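> When you get a sec, could you give me coordinates for this:
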Amino acid sequence: QVQLVESGGGLVQAGGSLRLSCAASGGTFRRSAMGWFRQAPGKEREFVARINRSGEATIYADSVKGRFTISRDNVKNTVYLQMNSMKPEDTAVYYCAADPKLGGSYYDPHEYDYWGQGIRVTISS
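Below is the predicted model:
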C-alpha cells in the first residue's frame, strides 16, 4: 500500500501561486504514476495533472495547461503541483493519487488505487 499526505494548500489572491506537495510512504511510489485531482463544492472530482513513473512524461487538463506544473522527486518520494496565475475557479479541495498499474484512463479517478486526504485551496478574487 501507499500512504499519501498532501500539504501546501491555503488562501491566495487571484494571480498568485501555491505549491502543493504530496509525500508518499509505505509502498510502491516509484512504481506508480501520480496524479492530482480536485473537487469544487457541488461538483465531481476532476483530473488536473498526471506524471509517469520516471517523471519524464506529464499531461494536464486544458483548464490548467500552461499555469500548473506537476513534478516528482523519486528520492524524496514526493510529488508536487506548482500552481501559478491562479483563478477563483481553481478553488477546490486538491487530492493526490497513485496509480501503480500501466495503461488505463489517466483522467478517470477510478484508475487510481491510493488517495491522500485532500487539501483545501481557496483563491480570492
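
> and Val121, what does it touch?
Residues near Val121 by C-beta atoms under 8 Å, 6 or more residues apart in numbering: 9-10, 12, 18, 20, 38, 83, 90-94. Every C-beta, even on glycine, is put in place using the N, C-alpha and C of the backbone.

> Would you agree it falls within a strand?
Yes. According to DSSP: H, G, I helix; E, B strand; the rest coil, Val121 belongs to a strand.

> who's it bridged to?
Taking DSSP bridges as the rule, Val121 bridges to Gly10, Ala92.

> roughly how far apart are the residue nearest to the spatial centre of the chain and Asn52?
Geometric centre of the chain, nearest residue: Trp36, 2.0 Å, by C-alpha atoms, centre = their mean. Remark: distance between Trp36 and Asn52 (C-beta to C-beta, to the nearest Å) = 14 Å.

> now Ser63
From Ser63 to Asn52 the distance is 21 Å (C-beta to C-beta).

> Please name the nearest non-neighbouring residue to the residue lying farthest from the centre of the chain.
Most distant from the centre of the chain: Ser125, at 22.7 Å, with distances by C-alpha atoms, centre = their mean. Excluding the flanking residues, the one nearest Ser125 by C-beta to C-beta, 6 or more residues apart in numbering is Pro88, at 4.7 Å.

> returning to that earlier point: isn't the residue farthest from the centre of the chain up against Gly15?
No. Judged on C-beta atoms under 8 Å, Ser125 makes no contact with Gly15 at a distance of 9.8 Å.

> rewinding a little: closest to Arg30 out of the contacts of Val121?
Leu20 (19.8 Å; C-beta to C-beta).

> which stretches of this structure form strands?
3-7, 10-13, 18-25, 33-39, 46-51, 58-60, 68-73, 78-83, 92-99, 114-115, 119-124 (DSSP state E).

> then the fifth one to CSV, C-alphas only?
Going back to what we said before, that points to strand 46-51. What follows is strand 46-51 as a C-alpha-only set of coordinates in CSV (Å, rounded to 0.1, in the frame of the first residue of the first chain):
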residue,chain,number,x,y,z
GLU,A,46,-11.9,16.3,-11.9
PHE,A,47,-8.5,15.5,-13.3
VAL,A,48,-5.8,18.1,-13.0
ALA,A,49,-2.4,16.6,-14.0
ARG,A,50,-0.5,13.3,-14.1
ILE,A,51,3.1,12.3,-14.2
